[in-house]
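Q: Dropping the sequence and predicted coords here.
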Amino acid sequence: MSSRADIDVRPVTESEFADWNRALNIGFLREPTSDDDIIEARRAQFTPGRSLGAFDGGRCVATFRSFAQELTAVGGASVAADAVTNVTVAPTHRRRGLLSRMMAQDLAAAKERGDVVATLIAAEYPIYGRYGFGPATSTTEWTIDVPRSGLDPRWAGPEDGGRIDLVDAEGVRKLGPELHERLRRAQPGAVSRDELWWRITTGAVRFHPTFHEPFHAVYRSAGGEVEGMVAYTADDNWGDAKQPLNTARVKWLTAVTPAAERALWRYLCSVDWVVKVRSGWRAPDDLLPHLLPDPRAAAVTTQADWLWVRILDVVRALEARTYEAAGSLVLEVADGGGLSGGRYRLEASADGAGRCVPTTEGADLALDVADLAVLWLGDESAVRLAALGRVREERAGAARQADALLRTSRRPWCPDIF
Ligand SMILES: CC(C)(COP(=O)(O)OP(=O)(O)OC[C@H]1O[C@@H](n2cnc3c(N)ncnc32)[C@H](O)[C@@H]1OP(=O)(O)O)[C@@H](O)C(=O)NCCC(=O)NCCS
């Protein structure tokens, strides 16, 4: 067995990419060998310096990649994020500190670059808290039992003068990016998508051995404006009694107005043969169940943590978001990673703007940087975290006051997985 010191952790070179891709497949329990066209497609994501590997005797045994992303803060400002993905360590090399080494290298580089936060979607809950990441958004998936929903099966299109049209992959690539930008600039927790994302989702670039072309439907308002789009697939299920019992699965649904949201869910529930609709990963406070006459027809299938956030710059993170009330709070932030700990005074004014400065004043609340990320996106309650022992009140009532400043009326949501 090679010792820790023998294993080199460093950025991979372009010529090592195929070996790195093989290690990635192994770590994710996928077939180790990819077709050449898939390797070439994945190479498009290769960013020199930000695709890391661990090498044992010249063989890649761990992978890690980060890329530039924008994350929407409460109030709509974008902050520069270091998006972490493709994290694997070979089963033969686990629990020897390789992830810790790759993470430390990447977060130090992100801090140096001036990124405000790092982000990721965690495969398993216990992995990333130790690196200062906190679960800052969650997601819910519903399965709609269409016949029980109370919806009129004779529906023939939106009642509001809008219309729904099916579009092909080219139409999605033309209309989708601007629509997503509209959504993500208004949705705390949402992240930017690059052009490659649209090519992968429409099958123009083959990233995985199997791709099934989805159906795509677009909602236009009465004024002709594109306000929503959905990508969905359907299975082929005729049951024992030779009756159509198909399930439609939403891959993604983007709506920038409640009218578009209502029309697209209504559309999905009206498709002939479809008796179940799986909603895909939605915001936990999505309108969906209440768009049905009988909301109980939408059963929760998944309820899970989703986007994890790691604050790299407390001052810029707290100044990027808006606040729900005026007030001030001194936060003692512990950071085991040594990147952003310290004591900070947050001053929120009545117009929603926040100002944050390092201070030596007495603290009101003490918390870990991972829990600050969770509060920062507005979803969690400081009072709840105090009850769990994760936030300590240094002044009585400070947790309640933090909630008045930080919590938001709608919940943050990240529609993407990366
Ligand atoms: C998760 C994974 C990357 C961890 O890599 P690793 O090199 O074994 O991690 P490290 O040795 O650096 O571990 C760091 C610490 O995290 C702990 N840890 C690592 N993975 C963990 C897990 N899945 N659950 C609980 N604890 C975990 C280690 O025990 C260690 O704790 P310690 O410092 O208190 O001893 C690796 O197990 C893996 O590839 N898993 C399969 C793919 C995967 O899930 N990737 C993540 C995608 S988001």
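A: Now that the structure is in, tell me what you want to look at.
Q: Please make it C-alpha for all contacts and neighbour counts, starting now.
A: Fine.
Q: quick one: Leu196 is in a helix?
A: Yes: using DSSP: H, G, I helix; E, B strand; the rest coil, the assignment for Leu196 is a helix.
Q: give the contact list for it.
A: Val205 (C-alpha atoms under 8 Å, 6 or more residues apart in numbering).
Q: at 10 Å instead, please
A: Taking C-alpha atoms under 10 Å, 6 or more residues apart in numbering, we find Leu196 in contact with 41, 44-45, 202, 204-205.
Q: now Arg193
A: Residues near Arg193 by C-alpha under 10 Å, 6+ apart: 69-70, 177, 180-181, 184, 416, 418.
Q: Now tabulate the residues you listed in JSON lines and tack on neighbour count and pLDDT.
A: Listed next are the contacts of Arg193 as JSON lines, based on neighbours: other C-alpha atoms under 10 Å; pLDDT from 0 to 100:
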{"residue": "Gln69", "neighbour count": "20", "pLDDT": "98"}
{"residue": "Glu70", "neighbour count": "23", "pLDDT": "98"}
{"residue": "Pro177", "neighbour count": "17", "pLDDT": "98"}
{"residue": "His180", "neighbour count": "22", "pLDDT": "98"}
{"residue": "Glu181", "neighbour count": "16", "pLDDT": "98"}
{"residue": "Arg184", "neighbour count": "26", "pLDDT": "98"}
{"residue": "Asp416", "neighbour count": "16", "pLDDT": "98"}
{"residue": "Phe418", "neighbour count": "14", "pLDDT": "97"}
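Q: ok, of those, which one's closest to Ala122?
A: Minimum distance to Ala122 across those is 9.8 Å, recorded for Phe418 (C-alpha to C-alpha).
Q: isn't that closest one right next to Gln45, touching?
A: No: applying C-alpha atoms under 10 Å as the test, Phe418 and Gln45 come out as separate, 11.9 Å apart.
Q: follow-up on the earlier one: narrow the contacts of Arg193 to those in helices?
A: Judged by DSSP state H, the subset of the contacts of Arg193 located in helices is 177, 180-181, 184.
Q: what are the ranges of the helices in the protein?
A: Using DSSP H, the helices found in the chain span residues 17-27, 36-43, 98-113, 169-186, 195-201, 258-268, 288-291, 314-320, 369-376, 382-387, 398-406.
Q: Listing request: residues of this protein with sub-threshold pLDDT.
A: 1-5 (pLDDT under 70).
Q: distance of the residue of it positioned farthest from its centre from Ala186?
A: The centre of the chain is farthest from one residue, Ala241, which by C-alpha atoms, centre = their mean lies 40.7 Å away. Remark: distance between Ala241 and Ala186 (C-alpha to C-alpha, to the nearest Å) = 47 Å.
Q: next one: Ala363
A: 33 Å.
Q: Neighbour count: those two, which is higher?
A: The residue with more neighbours, out of Ala363 and Ala186, is Ala363; 20 against 17, by other C-alpha atoms under 10 Å.
Q: For the residue lying closest to Pro153 once chain neighbours are set aside, give me its contacts.
A: Nearest residue to Pro153 in three dimensions, chain neighbours excluded: Ser270, at 6.3 Å (C-alpha to C-alpha, 6 or more residues apart in numbering). Shown in contact with Ser270 (C-alpha under 10 Å, 6+ apart): 146, 151-157, 264.
Q: Now the phi/psi pair for Ala123, please.
A: The phi/psi pair for Ala123 (degrees, to the nearest 10) reads phi -70, psi -40.
Q: For it, which residues are in contact?
A: 87, 306.
Q: check contacts around Leu71.
A: If a contact means C-alpha under 10 Å, 6+ apart, then Leu71 has 77-83, 116-119, 184-185, 187-192, 309, 414 as its contacts.
Q: Try it again at 8 Å.
A: Residues near Leu71 by C-alpha under 8 Å, 6+ apart: 78-81, 188-192.
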